[in-house]
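Asks: Return atomic coordinates for the entry below.
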Amino acid sequence: MTVLVLDPRWPDMIPIGVRIRGTVAFTSEVPVSVRWAIENTADGESWLLTTDPSDAEAAARIAGGEEVIEVASLSDPVLAATRTMRVARRRGEWESSMTHESLLPFLEEEAGEFAEAVRRGDGAELKKELSDLFLQVLFHSEIAAGFDFPDVAQAFVDKMRSRAPYLFDGSTGVVGIEEQDRLWAEGKARERG
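Replies: Residues are numbered from 1 along each chain as shown. You can find the predicted model right below:
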């Protein structure tokens, strides 16, 4: 018996190396489109497909020692970071009390510490300070009511598509600074409307 834990963001992305043969059950949140794509067969083992390992049936099977396969995307450190921030905001009294405004002194402090690490040229310290800035981005994204971290990431991609179109047009080679400056200014002007 095997429990296959799918990524709730992309539940239809089943690892190519996994051969699902046998009786297949699904926890209730698994989309119908996934259910239709999986064939039940008489031969093979029993499978449970879920996007929620805390689901009662999934948790019972996992606790019972069934083999667990998680899709690789669940090991994504960005996903782990966003989940950690979401849980911290929900469970931590201090985190849940924070606002964009109350976090500003921390953001300013972390930006200053990052600048100091750059000036010192200390790679390990630079990584640590970047993680502190990343915490601030995650925190503000979690506080915001109208968007979340994936929306911030998409806004970055959209900005780069507008201001640095050569990154997306399939071209190769170095783009000169003058051309970059021109394209950046044009993109910024278009965004302002």
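Asks: Could you check how far the nearest residue to Leu107 once chain neighbours are set aside is from Glu113?
Replies: With C-beta to C-beta, 6 or more residues apart in numbering as the measure, Gln136 is the residue that lies nearest to Leu107, at 4.8 Å, once sequence neighbours are left out. (C-beta placed from N, C-alpha, C; glycine too.) Taking C-beta to C-beta, to the nearest Å as the measure, Gln136 and Glu113 are separated by 11 Å.
Asks: again with Ala145
Replies: Counting by C-beta to C-beta, the separation of Ala145 from Glu113 is 29 Å.
Asks: So between those two, which is more surrounded?
Replies: Between Ala145 and Glu113, counting by other C-beta atoms under 10 Å, Glu113 is the more crowded of the two (15 against 5).
Asks: Hmm, Leu130 and that one touching each other?
Replies: No: look at Glu113 against Leu130 with C-beta atoms under 8 Å: they stay out of range, at 10.3 Å.
Asks: those helices in this protein, which residues are they?
Replies: Assigned by DSSP state H, the chain shows helices spanning 32-37, 56-63, 77-91, 93-97, 100-120, 123-143, 149-163, 177-192.
Asks: Quick one: closest of those to Val24.
Replies: When those are ranked by proximity to Val24, the top entry is helix 32-37, at 8.3 Å, counting by C-beta to C-beta.
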